[in-house]
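Enquirer: Next come a sequence and a model predicted from it.
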Amino acid sequence: METNQLHRGRLIDHVQLVVRDFKASQGFYTAVLAVLEIPVVGTTENFFWADELVVSSAESPAALGALTGRHHLAFQAQDRATVDAFYRAAMAHGGRDNGAPGERAYHPGYYAAFVLDPDGNNIEAVYHGEARRSAPSVVIDF
């Protein structure tokens, strides 16, 4: 019997962004996710996905022809250097500056960078400081 396996956190099952320029978004997200060590695990001609994130064109059957509008997504980074690398990759692949890497006043040790993706979504990479996870992810087999 074939088994499928998902890795999930506790709050979000998935987020779908429906974008105007699928190829531009595919290049942008492939680059920034690679820096964050999150593999793109599936691709078709009008959508791709990586963990909980699905990005699709308006022509995708799941999109029903409607764009999703502006969102804020924050990706976890393993350290400050990864936040810096995320910002550089985003800027090199069609992102626009929305807050260069640096400390933020949200809480002590909050280090983040913000960029706008090709559709104007506010995309963040954040490192909260030294911490230990109880597990790398929740594994779901079905």
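Expert: Perfect, thanks for sending it.
Enquirer: For this protein, give me the ranges with low pLDDT.
Expert: Within the chain, the segments meeting pLDDT under 70 span 1-11.
Enquirer: Let me see the ranges of the helices in it.
Expert: 22-35, 80-92 (DSSP state H).
Enquirer: Now render these as a markdown table, adding mean neighbour count and distance to residue 134.
Expert: In short, each C-beta sits where N, CA and C put it, glycine included. Shown next, in a markdown table, are those (neighbours: other CB atoms under 10 Å; distance: least, CB to CB, whole Å):
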| stretch | mean neighbour count | distance to residue 134 |
| --- | --- | --- |
| helix 22-35 | 19 | 24 |
| helix 80-92 | 19 | 21 |
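Enquirer: closest to residue 116 out of those?
Expert: Checking the helices of the chain against residue 116 by CB to CB gives helix 80-92 as the closest, at 8.8 Å.
Enquirer: quick one, that closest one and helix 22-35 angle?
Expert: For helix 80-92 against helix 22-35, the angle by axes from the mean of the first three to the mean of the last three CA atoms, to 10 degrees is 160 degrees.
Enquirer: neighbouring contacts of helix 80-92?
Expert: By CB atoms under 8 Å, 6 or more residues apart in numbering, the residues outside helix 80-92 that reach it are 28, 31-32, 34-36, 75, 77, 97, 100-101, 111-113, 115, 117, 123, 125-127.
Enquirer: 6 Å - rerun?
Expert: Helix 80-92 is contacted by residues 31, 32, 35, 77, 101, 111, 113, 115, 125, 127 when judged by CB atoms under 6 Å, 6 or more residues apart in numbering.
Enquirer: tell me which of those residues is nearest to residue 93?
Expert: Here the nearest of those to residue 93, counting by CB to CB, is residue 31; it sits at 4.1 Å.
Enquirer: rewinding a little: want to throw the helices of the chain into JSON lines with distance to residue 64?
Expert: Formatted as JSON lines, the helices of the chain follow (distance: least, CB to CB, whole Å):
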{"stretch": "helix 22-35", "distance to residue 64": "15"}
{"stretch": "helix 80-92", "distance to residue 64": "28"}
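Enquirer: so which of these gets nearest residue 48?
Expert: With CB to CB as the criterion, residue 48 lies closest to helix 22-35 of the helices of the chain, at 6.1 Å.
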